[in-house]
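Undergrad: using only what follows, build the 3D model:
(2 chains)
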There are 2 protein chains.
Amino acid sequence: MSDDAKIKLLQLRKSIDNMDAALIHVIAERFRITKAVGALKADNNFPPSDPTREKEQITRLRTMAADAELDPEFAEKLLNFIIKEVIRHHKQAKGEA
Amino acid sequence: MSDDAKIKLLQLRKSIDNMDAALIHVIAERFRITKAVGALKADNNFPPSDPTREKEQITRLRTMAADAELDPEFAEKLLNFIIKEVIRHHKQAKGEA
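TA: Numbers count the residues shown, from 1 in each chain, chains lettered A, B, ... in the order given. This is a model prediction of the structure:
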């Protein structure tokens, strides 16, 4: 690998690190909100998961992903990955886990 | 569920939708950058994955996650999930997939 390519790689990696910092903080905030949802659901004896809402979220996300030239399949898999963790939190809040 | 609780839930869901929009766009941008990395690596015949770099990323992310009160285990699993997709892209760029 040439020096030019090495420098270019280091620069790109700095941008990736910035995106990762953004990602972590957005997800941390998302979990703060879903924890509030979990507490609200637990207090009101509402089921932890809501398939209708999840379906709407996935449809919306796939559209946004396609617009941003992100693979909608990957976006959906990622959201499912996050939702699975959220449901685990909700069950914990309800004392089921 | 009381009307108050329903209104509160709708408000929280709007915030989640905003976080998801941020998430999708940050990840879309991250993939734009990693695609540039993939092309650079392919042009310079560099291996698609870099275990040392990945280890550093994970350590950094876990620290950031803990600071933001996000479960470091979950942050690591999420990064691994994203990196797996990135490596798949890199292999595609190299014509291996």
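Undergrad: so, low pLDDT: which residues of chain A?
TA: A:1, A:94, A:96-97 (pLDDT under 70).
Undergrad: if we go to 90?
TA: A:1-3, A:38, A:42, A:45-51, A:54, A:79-80, A:83-97 (pLDDT under 90).
Undergrad: give the closest residue to A:Leu79 in space, chain neighbours not counted.
TA: Sequence neighbours aside, A:Leu61 is the residue nearest to A:Leu79 in space, at 5.4 Å (criterion: CB to CB, 6 or more residues apart in numbering or on different chains). C-beta here means a position set from N, CA and C on the backbone, and glycine is covered the same way.
Undergrad: need the strands for chain A, in chain order.
TA: In chain A, no segments count as strands under DSSP state E.
Undergrad: that one: helices as residue ranges?
TA: A:3-43, A:51-67, A:72-93 (DSSP state H).
Undergrad: to B:His89, which of those helices lies closest?
TA: Between B:His89 and the helices of chain A, the tightest spacing by CB to CB is seen for helix A:72-93, at 9.8 Å.
Undergrad: then the closest one to PDB, C-alphas only?
TA: The C-alpha coordinates for helix A:72-93 follow below in PDB (Å, rounded to 0.1, in the frame of the first residue of the first chain):
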ATOM      1  CA  PRO A  72     -33.300  -1.700   3.200                       C
ATOM      2  CA  GLU A  73     -32.700  -5.400   4.200                       C
ATOM      3  CA  PHE A  74     -29.700  -4.400   6.300                       C
ATOM      4  CA  ALA A  75     -31.700  -1.500   7.900                       C
ATOM      5  CA  GLU A  76     -34.500  -3.900   8.800                       C
ATOM      6  CA  LYS A  77     -32.100  -6.500  10.300                       C
ATOM      7  CA  LEU A  78     -30.500  -3.700  12.300                       C
ATOM      8  CA  LEU A  79     -33.800  -2.400  13.600                       C
ATOM      9  CA  ASN A  80     -34.900  -5.900  14.500                       C
ATOM     10  CA  PHE A  81     -31.600  -6.300  16.400                       C
ATOM     11  CA  ILE A  82     -32.200  -3.200  18.400                       C
ATOM     12  CA  ILE A  83     -35.900  -4.000  19.000                       C
ATOM     13  CA  LYS A  84     -34.900  -7.400  20.400                       C
ATOM     14  CA  GLU A  85     -32.800  -5.600  22.900                       C
ATOM     15  CA  VAL A  86     -35.500  -3.100  23.700                       C
ATOM     16  CA  ILE A  87     -38.100  -6.000  24.300                       C
ATOM     17  CA  ARG A  88     -35.500  -7.600  26.600                       C
ATOM     18  CA  HIS A  89     -35.400  -4.300  28.600                       C
ATOM     19  CA  HIS A  90     -39.200  -4.100  28.700                       C
ATOM     20  CA  LYS A  91     -39.500  -7.600  30.000                       C
ATOM     21  CA  GLN A  92     -36.800  -6.800  32.700                       C
ATOM     22  CA  ALA A  93     -38.900  -3.700  33.600                       C
END
